[in-house]
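Student: got a sequence here, can you build the structure:
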Amino acid sequence: MLNEKDSNLDPISGEPGAHPVGTGLGATGGAVAGAAVGAMGGPVGAAIGGVAGAVVGGLAGKAGAEAVNPTAEEAYWRERYQDEPYYEAGRTYDDYGPAYALGWSGGNLYGSEFSAVEPELARRWEEQRGRSSLAWPHARYATRAAWDRINEGQLADTAEPLDNDDVIDVLNDLVETCHDGEYGFKACMERTETAQLKSTFEQRMRDCASSAAELASEVLRLGGVPEDGGTVSGAAHRGWVAVKGMLTSDSDLAVLEECERGEDTALARYRRALKQALPADVRSLVERQMQGVQKNHDLVKALRDEYRLRS
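Tutor: All right, here's what the predicted structure looks like:
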């Protein structure tokens, strides 16, 4: 027989079955929202609004977490974690497992971007990491991966299955996206004299070219014709990099800011692709590549932040 501890009693309703991480994250999000509304009535209103928001948010968090099958998610990531782009040789699943759990427990609690709740997730990581040796800057990649899988998987579950031609169209859109990145990073590399940035942009250029080739192979396998160029918006992006680099006295920062904008666009297009009901093997490919795009984006953002501090 389960005792009260084993039954995960809900700290709000007192009923069994609560997911501690889900309830906690939901309560935090609700408290923030409630306080914002209550603040219109002054400090006391903010306090009351925060308490009310925490109750509502906590219940929503419980419902969201209960919708996730932790056993299935754990099995999914245990099988794949070593193939993820952020995996570091020598680490075990015990390092990444708590980060995945944090992501899948909170992934469907908010209708917002990961960045909006990352500070709270980072705080909770210190409380829930267990024996993991990962600091948050490394654990966040696994948390983000599990977060995205839950959110995007739920969206895909409600979509109409795509026929073969539609799948080819989705893949070709991503081929163009990768070519945009390849050409964009090349333009960035040509606009800087800083050795570190040149090396970074060159590696990212190669990553994009490799991703484009992998997607093109999948298009061929499905009987389609791969796109061989970038998009119109991508061409404008590449031209903007060159013009901006010539017009500003702080060209490295300007190029990094434009580079980040380009990576934001790439992430949006990958996320849009994952909202479609793709075949399982194609979805796996797109998910893996999107993690690489996310890693590129985060690296460019970190460099941009560094150069902003210098300016």
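Student: got a list of contacts for stretch 262-269?
Tutor: Contact with stretch 262-269 is made by 173-174, 177-178, 180-181, 184, 233-234, 237, 290, 293-294, 296-297, 300-301, as judged by Cβ atoms under 8 Å, 6 or more residues apart in numbering. Any C-beta I mention is one placed from the backbone N, CA and C, and that applies to glycine too.
Student: can you tell me which of those residues are buried?
Tutor: The neighbour-count test (16 or more other Cβ atoms under 10 Å) marks 173-174, 177-178, 180-181, 184, 234, 237, 290, 293-294, 296-297, 300-301 as buried among the contacts of stretch 262-269.
Student: ok, of the residues you listed, which one's closest to Asp207?
Tutor: Asn296 (6.8 Å; Cβ to Cβ).
Student: the closest one touches Asp207, doesn't it?
Tutor: Yes. With contact defined as Cβ atoms under 8 Å, Asn296 counts as touching Asp207 (6.8 Å).
Student: list residues touching both of these two?
Tutor: Common contact partners of Asn296 and Asp207 (Cβ under 8 Å, 6+ apart): Gly181.
Student: quick one: the strands in the stretch 101-250 of the chain?
Tutor: Here the stretch 101-250 of the chain has no strands by DSSP state E, counting those that start in this stretch.
Student: quick check: Lys186 touching Arg206?
Tutor: No. Between Lys186 and Arg206 there is no contact under Cβ under 8 Å: 10.1 Å.
Student: more neighbours, these two?
Tutor: For the pair Lys186 and Arg206, the greater number of neighbours falls to Lys186 (18 against 12), based on other Cβ atoms under 10 Å.
Student: how about the more buried one, nearest residue that isn't a chain neighbour?
Tutor: Leaving aside its sequence neighbours, Lys186 sits nearest to Met205 (Cβ to Cβ, 6 or more residues apart in numbering; 5.2 Å).
Student: tell me the contacts of that neighbour?
Tutor: If you count contacts by Cβ under 8 Å, 6+ apart, Met205 has them with Gly181, Glu182, Phe185, Lys186, Met189.
Student: any idea how far Phe185 is from it?
Tutor: 4 Å (Cβ to Cβ, to the nearest Å).
Student: can you pull the phi/psi pair for Ala277?
Tutor: Main-chain torsions, Ala277, degrees, to the nearest 10: phi -80, psi 80.
Student: so which elements touch the host helix or strand of Tyr307?
Tutor: Per DSSP states H and E: Tyr307 is located in helix 280-310. Applying 3 or more Cβ pairs under 8 Å, 6 or more residues apart in numbering; DSSP states H and E, one finds that helix 280-310 contacts helix 136-157, helix 164-190, helix 195-221, helix 251-274.
Student: try 7 Å this time
Tutor: Where contact means 3 or more Cβ pairs under 7 Å, 6 or more residues apart in numbering; DSSP states H and E, helix 280-310 is packed against helix 136-157, helix 195-221, helix 251-274.
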